[in-house]
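>>> Predicted model follows, preceded by the sequence.
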Amino acid sequence: MARRSPESHPFGPAVANLVDQFSNLPGVGNRTAERLAHHILACHETEALALSDAIREVKSSIRACDECFNLTETDVCRICSSRQRNRSVVCIVEQPRDVIALEASGMYEGVYHVLRGRISPLEGIGPEDLTIDALVRRVRRDGVQELIMATNPTLEGDGTALFISNLLAADPVTITKLARGIASGSVLEFANKEMLADAMRGRQSF
């Protein structure tokens, strides 16, 4: 469905702008955006403003962890600061949401490194746009013993993992990858806990 111009929307430009903002969200089409906008209009003002306050707060308080680049409200995230985690094993993921998925499996006791994307020449994303340099420094500084490649099993994800493994080929670190319990072309975010647990248990040499 084509978007209405602000001037032609029956409820005026303010509602048209709200619909447009909702439709910019991933997976939200124009019809869903219209329904969300009508919900905001119909709900109590306190509820609507609580949503805007929550968005403002998360944008102002959430930052990248100094160690792993996961999302956190402090300098170092709770995983990196935990004394219970094995800091000699680092699991490499593309996005912070992948950390949530792997933590839900309950099978991993190491720490993470979030790349904040994957190498994708077609999209103009190169190694310098990711946190790969910080990862290499971290491996060499902290004496990391194992890197688990948990990039998504896609062409770009596998290419990113191969690039990192080549960078560290001469370093004394074991590089493993998740077992292919995760289907090729899928993403970690949508894998169930059992699938992720099997993949973590069955990781193998990269």
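It's in. Worth saying up front: this structure is predicted, and the values here are computed from it rather than measured.
>>> Can you pull the poorly scored residue ranges out of this structure?
Low-confidence segments of the chain (pLDDT under 70): 1-11, 181.
>>> mind listing the helices in it by residue range?
13-23, 30-42, 45-61, 78-81, 96-105, 132-142, 155-167, 193-201 (DSSP state H).
>>> Tell me the buried residues in stretch 130-147?
Buried positions in stretch 130-147, judged by neighbour count with 16 or more other C-beta atoms under 10 Å: 130, 131, 132, 135, 138, 139, 144, 147. Heads up, the C-betas are built off the backbone N, CA and C, glycines and all.
>>> Output the helices of the chain as JSON lines; include the columns distance to residue 126.
Formatted as JSON lines, these follow (distance: least, C-beta to C-beta, whole Å):
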{"stretch": "helix 13-23", "distance to residue 126": "30"}
{"stretch": "helix 30-42", "distance to residue 126": "34"}
{"stretch": "helix 45-61", "distance to residue 126": "27"}
{"stretch": "helix 78-81", "distance to residue 126": "26"}
{"stretch": "helix 96-105", "distance to residue 126": "20"}
{"stretch": "helix 132-142", "distance to residue 126": "10"}
{"stretch": "helix 155-167", "distance to residue 126": "10"}
{"stretch": "helix 193-201", "distance to residue 126": "28"}
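>>> Quick one: closest of those helices to residue 68.
helix 78-81 (5.4 Å; C-beta to C-beta).
>>> packing partners for the closest one?
The contact analysis (3 or more C-beta pairs under 8 Å, 6 or more residues apart in numbering; DSSP states H and E) places helix 78-81 against strand 110-114.
>>> who touches the strand it packs on?
64-65, 67-70, 79-80, 85-96, 98-99, 102, 131, 134-135, 138, 146, 148 (C-beta atoms under 8 Å, 6 or more residues apart in numbering).
>>> any idea how far that strand is from the chain center?
12 Å (C-alpha atoms, centre = their mean, to the nearest Å).
>>> tell me the angle of that strand relative to helix 96-105?
Orientation note: strand 110-114 sits at an angle of 160 degrees relative to helix 96-105 (axes from the mean of the first three to the mean of the last three C-alpha atoms, to 10 degrees).
>>> switch to numbering from 481
All set: I'll call the first residue 481, so the last point we hit is now strand 590-594.
>>> Output strand 590-594 as PDB, restricted to C-alpha atoms.
The C-alpha trace of strand 590-594 is given here as PDB (Å, rounded to 0.1, in the frame of the first residue of the first chain):
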ATOM      1  CA  GLY A 590      32.600 -18.000  27.900                       C
ATOM      2  CA  VAL A 591      32.400 -14.300  26.800                       C
ATOM      3  CA  TYR A 592      31.500 -12.700  23.500                       C
ATOM      4  CA  HIS A 593      32.700 -10.300  20.800                       C
ATOM      5  CA  VAL A 594      30.000  -8.500  18.800                       C
END
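>>> Next up, the contacts around residue 579.
For residue 579, the contacting residues are 550, 559, 573, 592, 594, by C-beta under 8 Å, 6+ apart.
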